[in-house]
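K.L.:
Mind looking at a prediction? Sequence and model below.
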Amino acid sequence: MPDSTGLGGLRAYPLARRGMMMTGLVSGFTLATQRVEARAIHTDTQGLDAGEARIPVPDGALPAYFARPAGKGPFPVVLVNEEIFGVHEYIRDVCRRLAKAGYFAVATEYYARVGDLSKMTDVRQIIRDVIAKAPDNQYMADMDATAAWALQHGGDAGRVGVIGFCRGGRQTWLYAAHSPHLKAAVAFYGPLGGTPSSIQPQTALDVADRIRCPLLGLYGGQDPGTPVAMTREAEARAKAAHRTVEIVIYPDAPHGFHADYRPSYRQADAADAWARMLAWFRRFGMAPAG
């Protein structure tokens, strides 16, 4: 039967010419953190087109997962920035949840050049050997490539947004400052400060006054990695530069409160944050048709 979606062939996109570290995505849930899988949300693919893809980049192709409503579109695009644990089942499910809401969601394994997250279980090793060695300029270029891929396969160029979790929250701030094509951005927690390096020269706080689209930040009041005072400083810097930003603090929530497969999950706060994200997208021109 002919493929009416235009995406089927991409599932067999050739492997990277220079040998990316990962040839596929993480299966199941990440092994790098204690799991509470019985509580995890599972979203089916009924009414969706979903699966793995390869995102063409200058040195090969990066593995990714996409989910979008069945049909021709065009659909508003949401780029999903992963945690430090790879594009595993939780991130895939986030893509499917977005697709059920009418979005074309795609999560790329941006760290594939550096290491295979599917085989790593120690958080300190992941940060030291993978995350800290990934250049921000490469990450931004790969996000641009992911957006271009989505626009070629049913995405709407006039409705592109970005979200991110944990480290992906930081990348969401950076991409909001990098890309002139975004309608809206939503950061689910993640570091705002940190120690700059030659390949990661700026923190999210550094670029807060340069974001190019409205940004919603969703943070836990009990997250020691991102003190409330720092989130308020980022908000103040953005507003002083006349940027549109809103920071929501969940007073009793820890880091990772949206990650339903982990002990940090807080159901009520996660549901509220998700509703706020969808409302933010609608408010700033990202609403699905119909």
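P.N.:
Nice, I can see it.

K.L.:
Does G193 touch T231 like I think?
P.N.:
No: using C-beta atoms under 8 Å, G193 is not in contact with T231; the gap is 10.3 Å. Every residue, glycine included, has its C-beta placed from N, CA and C.

K.L.:
Burial check on G193, number of neighbours?
P.N.:
G193 has 16 neighbouring residues, counting by other C-beta atoms under 10 Å.

K.L.:
quick one: contacts for it?
P.N.:
T203, A204, L205, T226, M230 (C-beta atoms under 8 Å, 6 or more residues apart in numbering).

K.L.:
What's the separation between it and G256?
P.N.:
18 Å (C-beta to C-beta, to the nearest Å).

K.L.:
Same check on G154?
P.N.:
To G256, G154 is 31 Å away according to C-beta to C-beta.

K.L.:
Between those two, which is the more surrounded one?
P.N.:
G256 (24 against 20).

K.L.:
re the thing from before, quick check: the farthest pair among the contacts of G193?
P.N.:
Put simply, by C-beta to C-beta the two of those set farthest apart are T203 and T226, 11.1 Å from each other.

K.L.:
More neighbours: which of these two?
P.N.:
Neighbour tally, T203 and T226, criterion other C-beta under 10 Å: the higher count belongs to T226, 23 against 19.

K.L.:
quick one: contacts for the more buried one?
P.N.:
When contacts are counted by C-beta under 8 Å, 6+ apart, T226 touches Y189, G190, P191, L192, G193, Y219, G220, H255.

K.L.:
Excluding chain neighbours, what is closest to the third one?
P.N.:
If I follow you right, that is P191. With sequence-adjacent residues excluded and distances taken as C-beta to C-beta, 6 or more residues apart in numbering, P191 is closest to R170, at 5.0 Å.

K.L.:
repeat for the last one
P.N.:
In space, H255 comes closest to D223 once its chain neighbours are excluded; the distance is 4.0 Å by C-beta to C-beta, 6+ apart.

K.L.:
can you map out the strands along the stretch 101-250 of the chain?
P.N.:
104-108, 155-165, 184-188, 215-220, 245-250 (DSSP state E, counting those that start in this stretch).

K.L.:
Strand partners (parallel or antiparallel) of the last one?
P.N.:
Taking DSSP bridges as the criterion, strand 245-250 forms sheet pairs with strand 215-220 (parallel).

K.L.:
Could you give me the buried positions within the partner strand?
P.N.:
Buried positions in strand 215-220, judged by neighbour count with 16 or more other C-beta atoms under 10 Å: L215, L216, G217, L218, Y219, G220.

K.L.:
Out of those, which comes closest to W274?
P.N.:
In terms of C-beta to C-beta, no member of the buried residues of strand 215-220 lies closer to W274 than L218, at 9.2 Å.

K.L.:
Go ahead and confirm the closest one touches G190.
P.N.:
No: in this structure, L218 is not within contact of G190 by C-beta under 8 Å, at 9.8 Å.

K.L.:
Run through this protein and note the low-pLDDT ranges.
P.N.:
Low-confidence segments of the chain (pLDDT under 70): 1-39, 290.

K.L.:
what about stretch 43-61, start to end distance?
P.N.:
27 Å (C-alpha to C-alpha, to the nearest Å).

K.L.:
distance between it and the chain's centre?
P.N.:
14 Å (C-alpha atoms, centre = their mean, to the nearest Å).

K.L.:
got it, and stretch 87-98?
P.N.:
Offset of stretch 87-98 from its chain centre (C-alpha atoms, centre = their mean): 10 Å.

K.L.:
Just want the phi and psi numbers for G193.
P.N.:
Here is the backbone geometry of G193 (degrees, to the nearest 10): phi -100, psi -150.

K.L.:
same thing with V77?
P.N.:
Per degrees, to the nearest 10, the backbone of V77 is at phi -100, psi 140.

K.L.:
That one: neighbour count?
P.N.:
Neighbours of V77 (other C-beta under 10 Å): 32.

K.L.:
Could you find the closest non-adjacent residue to it?
P.N.:
G155 (4.0 Å).
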